[in-house]
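*Asks:* Have a look; sequence and predicted model below, questions after that.
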Amino acid sequence: MVWKIKRNKKKRKQVDIEFYKRRLLGDKLESYLILDISILFFVVLSAFFSFMRGFSQEFLSLFTWVVSFLGSYKYGENFVNILNKLIDNIVVSNVISYILTFVIIFIALSFITKMFSNLIKKSYVGMVDRTGGFLFGLLRGYLIISLCFFTFHYFYNGDKIIWIENSKFNFMTLISNEKILSFLNDNNEFSKKLKEEIDSKSNSLFKKSIDSQLKLKKFMDEEKKIYNESDKKSLDYLIENSE
């Protein structure tokens, strides 16, 4: 009967593994998981290319992207009225104005940083530069994803897209973007909107966490009761046969 006890324990372990697997992955691969996996792949790919190029070159590249984006966010509206007179469409004028501002700043900074990059490339910094490049690549990949989500939330005012709303990276980038806006002391309507979404998602995640803990506790209590009864019967049977 010892083998029956071992078999019951093995079966219980398999059930526990299946429970945690379903809890983490769900019964099927959801759309938001595909999005998160794709984003994670992009971030790792960014880190790989940064490793090949080195920290110094990646730092200058990231500096150009960040300043260009912040400059576009701050001064992009300056061209809206001029473009709207030509296009006569306020939405298109807004988009083109921000993109145009970004491109102008980006080209100017790229020209300047390229000169510094050429000087740095001539010096030997070894594996330290590559390792720094890998870490910086992770940061750059995450930042690009944050900017993509920022742009989406800034311009999109339609109904919520479920697979984007449920994305873990979406929630992470909401927090990052809100911190950036707070650092810039920009308390506009969009900043308030981000704070409201963060509070809403935080409350939702807290409720889901509580529900998951309660379901897990209930499951473990039921399993413990079932297996305790099974083990008890097996032990009783073993004792009876040994007498």
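*Replies:* Alright, I've got the coordinates.
*Asks:* would you list every one of the helices in this structure?
*Replies:* Assigned by DSSP state H, the helices in the chain fall at 2-25, 31-53, 55-75, 80-87, 90-121, 126-155, 162-165, 168-183, 189-242.
*Asks:* And for residue 133, the neighbour number?
*Replies:* Residue 133 has 24 neighbouring residues, counting by other CB atoms under 10 Å. Where C-beta positions appear, they are placed from N, C-alpha and C, glycine not excepted.
*Asks:* looking at it, it is touching residue 58, isn't it?
*Replies:* Yes - contact criterion CB atoms under 8 Å: residue 133 and residue 58 qualify, at 5.1 Å.
*Asks:* Next one: residue 142 from residue 80, what distance?
*Replies:* Distance, residue 142 to residue 80, using CB to CB, to the nearest Å: 30 Å.
*Asks:* With neighbour numbers in mind, choose between the two.
*Replies:* Here residue 142 and residue 80 are compared on neighbour count by other CB under 10 Å; more neighbours surround residue 142, at 19 against 16.
*Asks:* Any idea how many residues pack against the residue nearest to that one when sequence neighbours are not counted?
*Replies:* Excluding its sequence neighbours, the residue lying closest to residue 142 (CB to CB, 6 or more residues apart in numbering) is residue 43, at 5.8 Å. When neighbours are counted by other CB under 10 Å, residue 43 registers 20.
*Asks:* just checking, residue 43 touches residue 143?
*Replies:* No - the pair residue 43 / residue 143 is not scored as a contact, 9.7 Å apart, by CB under 8 Å.
*Asks:* buried stuff in stretch 84-91?
*Replies:* By 16 or more other CB atoms under 10 Å, the buried positions in stretch 84-91 come out as residue 84.
*Asks:* got a list of contacts for it?
*Replies:* Contacting residues not belonging to stretch 84-91 are listed as 80, 93, 96 [CB atoms under 8 Å, 6 or more residues apart in numbering].
*Asks:* What's the local residue count around residue 104?
*Replies:* 15.
*Asks:* same thing with residue 157?
*Replies:* Neighbours of residue 157 (other CB under 10 Å): 7.
*Asks:* ok, now how distant is it from residue 116?
*Replies:* 41 Å.
*Asks:* what's residue 140 in contact with, if anything?
*Replies:* By CB under 8 Å, 6+ apart, the neighbours of residue 140 are 46, 50, 58, 61-62, 65.
*Asks:* again, only using 6 Å
*Replies:* 46, 62 (CB atoms under 6 Å, 6 or more residues apart in numbering).
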